[in-house]
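S.K.: Okay, predicted coordinates and the sequence, questions at the end:
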Amino acid sequence: MSESAFHQYMRAEPEELEQTYSERVALGGYFSFYRFIEDFRVYLKTYADDDTALVRRKLSRARELFPDPERFSPSWAAVWDEFELIFGIKNDVLAAIPVAERGGEWQILLDNPYSHQQVVCYPGLPFLEAAYLYGYFQRELKPNELLRLQKVSDLLSVNGSRAASLLPET
């Protein structure tokens, strides 16, 4: 399924067109559905406030058109629940952070202060992708784990160079 085919689904309004689209995906089997799911995931990462109603409608309709995604792969048994959770949390983030404050660099931090595991950080993110990841990681957040969505206000950054390295070249 090409990206343009996914966008055809997103633009298809009459239920007959959506049904035709779903039949094409079903005939394509695993790889066609995989492409559909991955394109939907990319769309969830990039949609903004103005597209919320469209995404809500298309997500609900996708669940109706593909009620048993596990028939393509067992790993997709809960894909619609996952997408709805991400969608809901991302919308909460969109509502909480004004558009005027969304510029700049964002990051996601995962930490469990009661364990010796390292802190996981996803730096250098645009706001919409950070909001998506904030929803994505809440799916499997364990007790005592902390998930943070943060805007980076001050940033110093440097890349290492071979000439300045104390380590021998390999």
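M.R.: Noted; the coordinates are in hand.
S.K.: Who are the packing partners of the helix or strand where D92 lies?
M.R.: Taking DSSP states H and E as the criterion, D92 maps to helix 79-96. Applying 3 or more CB pairs under 8 Å, 6 or more residues apart in numbering; DSSP states H and E, one finds that helix 79-96 makes contact with helix 15-46, helix 52-65, helix 127-138. Yep, even glycine has a C-beta here, placed from its N, CA and C like the rest.
S.K.: Quick one: distance of the longest one to the chain centre.
M.R.: Computed by CA atoms, centre = their mean, to the nearest Å, the separation of helix 15-46 from the middle of its chain amounts to 16 Å.
S.K.: Return the angle between stretch directions for that helix and helix 52-65.
M.R.: Following axes from the mean of the first three to the mean of the last three CA atoms, to 10 degrees, one obtains 120 degrees for the angle between helix 15-46 and helix 52-65.
S.K.: which helices and strands sit right next to helix 15-46?
M.R.: Against helix 15-46 (3+ CB pairs under 8 Å, 6+ apart) you get helix 3-11, helix 52-65, helix 79-96, helix 127-138.
S.K.: List the buried residues in it.
M.R.: Under the neighbour-count criterion of 16 or more other CB atoms under 10 Å, helix 15-46 has 18, 21-22, 25, 28, 32-37, 39-41, 43-45 buried.
S.K.: for the second one, same thing?
M.R.: Neighbour-count burial for helix 52-65, with 16+ other CB under 10 Å as criterion, is recorded at V55, K58, L59, R61, A62, L65.
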